[in-house]
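Asks: Starting from these lines, generate the structure:
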Amino acid sequence: MKKQRCYTSLSIGLLSLIVFAACSRVDSATEKANGSKKSSSTSDIELLEEKPEVAKVKRSNQPNRIVANFNGDTKTEMGFNWYTTDKFDDASVWVSTSKDMADAQAFEAKAERVTSRYGQRDKEGNFIYADIKRDKEGEVVEKNGKAEINGYYTDKEITADNKDWTSGDNIGSLDLEDVTEYSYKAKASGLQPDTTYYYQVGSEKGDVSGTGTFTTSGENGDEFKFVHYTDTQNAYWNENVRNEADFGADTIKQALETAGDANFVLHTGDIVEIAEVEDEWQDIYGKSEEFWMKQPLAMVPGNHDEYALNEDDDLLTEIYNQHVNVPAENNAKDGGSYYSYDYNGVHFVVANTNDNKKSKDNPEEKALGKKQMDWIEKDIKEARSNGTNWVVMTYHKPLFSRSYHSLEDEDVQAVREEFMEQIDELDVDLALQGHDHVSSRTEPLNYLPTNESFSNAKIDEADKIKKEGTEYYQSPEGTVFVLPNNGGTKAYDDIYSKGVQHVHSVRPELDWLTQNDIDYWNSLFAYGTQPQNSTEFDDSHENARDSSTQNFAVYDVKNDELGVKIYQINGDLAKDENREVELVHEFGIDKN
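Replies: Prediction:
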């Protein structure tokens, strides 16, 4: 019996390996042995003897899952991606300088046939779950090689206050339906710099999307803004219970309203929870479409963006790139891809921390393989030689954060020292991260070898000045690492603020850390917190995927100055509460 992914963490030694618990749990030895009239996964739900009739997956030839991505020269080019059920040979993107799409120029799209996998639902749209029979030891009972089923139920009656459910600990087994669809990629070229464009995607023989917009980049030093959020990571099992895609969409809505005139949005990974379940991509893209189509998305692959539903199945290394239209340097599509782009003289590097599969290039299964590391070095050196004033690294798995991943993930620890040394030697200004669902921002950091510090970092004591109440570092030689919590509902605790005993309790794999180690680690940060107050954090590093607090950051670049503001949103959408935005941290860097 293949186990579906549910989120119970287990680690070995000092370095973390994520192991996923079976999604069906049982409440007593009797139920384990004999089955139950009620679901063992959610004890209040009556089981059905017969599986509900599975509804057909809805077809849609209205372009959907639409996104505009940087692909090539941001002054003159833009990439686009979308989906339909049927193939349209005349599919195109139309680009115009007029909002009414007058004199639009058409660029042909290429269609790729894909097999999307959707969760089985009943006719009302509820997911159908099987309750798996287990023995007294909790092992799956099989007959003729197949798991025995106690019965079936849907998520119709499950409520958001069922924390075992929302956290993913108690969900049943979900079957998937294969559906043939088409993923389209188009690229507009020959555009004018520093120009606002409007676009539509679709087909003259079929349907055409609504109108989106973007602005091409301008000259080096021209002012621009971008928004950074991360880890929307909506889970299918909460779509009908406490929809996490709603929170992800509202986060970017609030961010764009706060920024006012953002030129693009950066998402640093984990767009979805389970990449194989297409319902999750549809949900987050659909809920966010209105806001995503207001500017391009610079997207970074996260580890969840390649996960299969069943933990024993191979990772889905192509599925991320089916949903986005970004370059792939070295033709490397491995749970995402790595590439770079420039915007108004700022050089952005997108690293792929899913590059952790064992190979000749990467025998130690590091988060970044040698080919990628070599490419990063060559790419940044070339950008510097071309006169770039700022270098910004963007990647998913953090080197520095206030939760457990940055000191525990095995693939990150394997590359930690050399990646930090590379970042320091290449004079990277900012490193924008995801993965640990907690807010944190370091001081400017320089590299230290492991034999001097487990952290591989020391603070660069750069001078500071204040401008309009905001503290700016004066030409720091170190790199500032930023992680603005999460754009979804899953949160991790700021475990290092609670002392060594708590760290050892909730993450036993970090039992090598002393209080002096933790004090030193905390000293590297200028800001760090988990804004959600959850009783789950009393004895766990994570919540029940029930946070109503999300964060985002706004970056304002003006030639030699870069200002950063981290904002917090509070308010429960599931209870129709008003959402309020507050500024919680800010800093800047001045190279003048």
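
Asks: How is the chain divided into domains?
Replies: Under the assignment automatic domain parsing, the domains of the chain span 64-115+187-202, 221-590.

Asks: Between those domains, which one is closest to residue 122.
Replies: Closest to residue 122 of the domains of the chain, according to Cβ to Cβ: domain 221-590, at 10.9 Å. Backbone N, C-alpha and C define where each C-beta goes, glycine included.

Asks: how about CSV for the domains of the chain, with mean neighbour count, mean pLDDT and distance to residue 55 added?
Replies: Shown next, in CSV, are those (neighbours: other Cβ atoms under 10 Å; pLDDT from 0 to 100; distance: least, Cβ to Cβ, whole Å):
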stretch, mean neighbour count, mean pLDDT, distance to residue 55
domain 64-115+187-202, 18, 98, 15
domain 221-590, 21, 97, 13
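
Asks: export the ones you listed to JSON lines and tack on distance to residue 125?
Replies: Putting these into JSON lines (distance: least, Cβ to Cβ, whole Å) gives the following:
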{"stretch": "domain 64-115+187-202", "distance to residue 125": "16"}
{"stretch": "domain 221-590", "distance to residue 125": "7"}
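
Asks: can you count the residues close to residue 52?
Replies: Counted with other Cβ atoms under 10 Å, the neighbours of residue 52 add up to 17.

Asks: Quickly note the distance from it to residue 566.
Replies: 45 Å (Cβ to Cβ, to the nearest Å).

Asks: circling back: mind checking the domains of the chain for the one nearest to residue 168?
Replies: domain 221-590 (6.2 Å).

Asks: what pLDDT does residue 4 get?
Replies: pLDDT recorded at residue 4 is 83.

Asks: What residues are recorded as beta-bridge partners of it?
Replies: residue 310 (DSSP bridges).

Asks: Distance-wise, check it relative to residue 280.
Replies: From residue 4 to residue 280 the distance is 14 Å (Cβ to Cβ).

Asks: Also residue 267?
Replies: 15 Å.

Asks: go on, residue 338?
Replies: Distance of residue 338 to residue 280, computed by Cβ to Cβ: 24 Å.

Asks: Kindly report the same for residue 320.
Replies: Counting by Cβ to Cβ - residue 320 and residue 280 are separated by 12 Å.

Asks: Phi and psi next, for residue 332.
Replies: Torsion angles at residue 332 (phi, psi; degrees, to the nearest 10) stand at phi -90, psi 100.

Asks: hey, which strand is longest across the chain?
Replies: strand 105-119 (DSSP state E).

Asks: can I get the CA coordinates of that strand in CSV?
Replies: The C-alpha trace of strand 105-119 is given here as CSV (Å, rounded to 0.1, in the frame of the first residue of the first chain):
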residue,chain,number,x,y,z
GLN,A,105,0.6,41.9,-32.2
ALA,A,106,0.1,38.1,-32.1
PHE,A,107,2.8,35.6,-31.0
GLU,A,108,2.2,31.9,-31.7
ALA,A,109,2.0,29.5,-28.7
LYS,A,110,3.3,26.0,-28.6
ALA,A,111,1.0,23.4,-27.0
GLU,A,112,2.3,20.5,-24.9
ARG,A,113,0.0,17.5,-24.2
VAL,A,114,0.1,16.7,-20.5
THR,A,115,-1.7,14.3,-18.3
SER,A,116,-3.1,16.2,-15.3
ARG,A,117,-4.3,14.2,-12.3
TYR,A,118,-7.4,15.4,-10.4
GLY,A,119,-8.8,14.3,-7.1
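
Asks: quick one: the following helix or strand past that strand to chain centroid distance?
Replies: Remark: after strand 105-119, the chain's next helix or strand is strand 128-132, criterion DSSP states H and E. Chain-centre distance of strand 128-132: 28 Å, with Cα atoms, centre = their mean, to the nearest Å.

Asks: Same check on stretch 415-428?
Replies: That offset, for stretch 415-428, works out to 23 Å (Cα atoms, centre = their mean).

Asks: cool, and stretch 268-279?
Replies: How far stretch 268-279 lies from its chain's middle: 8 Å, per Cα atoms, centre = their mean.

Asks: again with stretch 71-89
Replies: With Cα atoms, centre = their mean, you get 21 Å for stretch 71-89.

Asks: and the end-to-end length of that stretch?
Replies: For stretch 71-89, the first-to-last residue distance is 23 Å (Cα to Cα, to the nearest Å).

Asks: and if you look at stretch 45-63?
Replies: Terminal-residue distance, stretch 45-63 (Cα to Cα): 37 Å.

Asks: Pull out the buried positions in that stretch.
Replies: 45, 47, 51-52, 57, 60-61, 63 (16 or more other Cβ atoms under 10 Å).

Asks: Farthest-apart pair in the residues you listed, please.
Replies: 47 and 63 (40.2 Å).

Asks: Strands along the stretch 151-300 of the chain, start to end?
Replies: 173-174, 176-188, 196-202, 212-215, 224-229, 264-267, 297-299 (DSSP state E, counting those that start in this stretch).

Asks: who's in contact with the residue nearest to residue 534 when sequence neighbours are not counted?
Replies: Leaving out its chain neighbours, the residue that sits closest to residue 534 by Cβ to Cβ, 6 or more residues apart in numbering is residue 543, at 4.4 Å. Applying Cβ atoms under 8 Å, 6 or more residues apart in numbering, we find residue 543 in contact with 167, 489-493, 532, 534, 536-537.

Asks: now with 6 Å?
Replies: Listed by Cβ atoms under 6 Å, 6 or more residues apart in numbering, the contact partners of residue 543 are 491, 534, 536.

Asks: Out of these, flag the one nearest to residue 431.
Replies: The closest of those to residue 431 turns out to be residue 491 (Cβ to Cβ; 21.5 Å).

Asks: ok so, going back, for the longest strand of the chain, packing partners?
Replies: When contacts are defined as 3 or more Cβ pairs under 6 Å, 6 or more residues apart in numbering; DSSP states H and E, strand 105-119 packs onto strand 92-96, strand 176-188, helix 278-292.

Asks: ok and the longest one relative to strand 176-188, angle-wise?
Replies: Helix 278-292 runs at 30 degrees relative to strand 176-188, counting by axes from the mean of the first three to the mean of the last three Cα atoms, to 10 degrees.

Asks: Would you map the helices across the chain?
Replies: Taking DSSP state H, the helices of the chain run over residues 29-34, 163-166, 244-259, 278-292, 319-323, 370-385, 405-408, 410-425, 500-506, 515-523.

Asks: could the ones you listed be laid out in a markdown table, adding distance to residue 118?
Replies: Listed next are those as a markdown table, based on distance: least, Cβ to Cβ, whole Å:
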| stretch | distance to residue 118 |
| --- | --- |
| helix 29-34 | 30 |
| helix 163-166 | 21 |
| helix 244-259 | 15 |
| helix 278-292 | 5 |
| helix 319-323 | 14 |
| helix 370-385 | 33 |
| helix 405-408 | 30 |
| helix 410-425 | 30 |
| helix 500-506 | 36 |
| helix 515-523 | 43 |
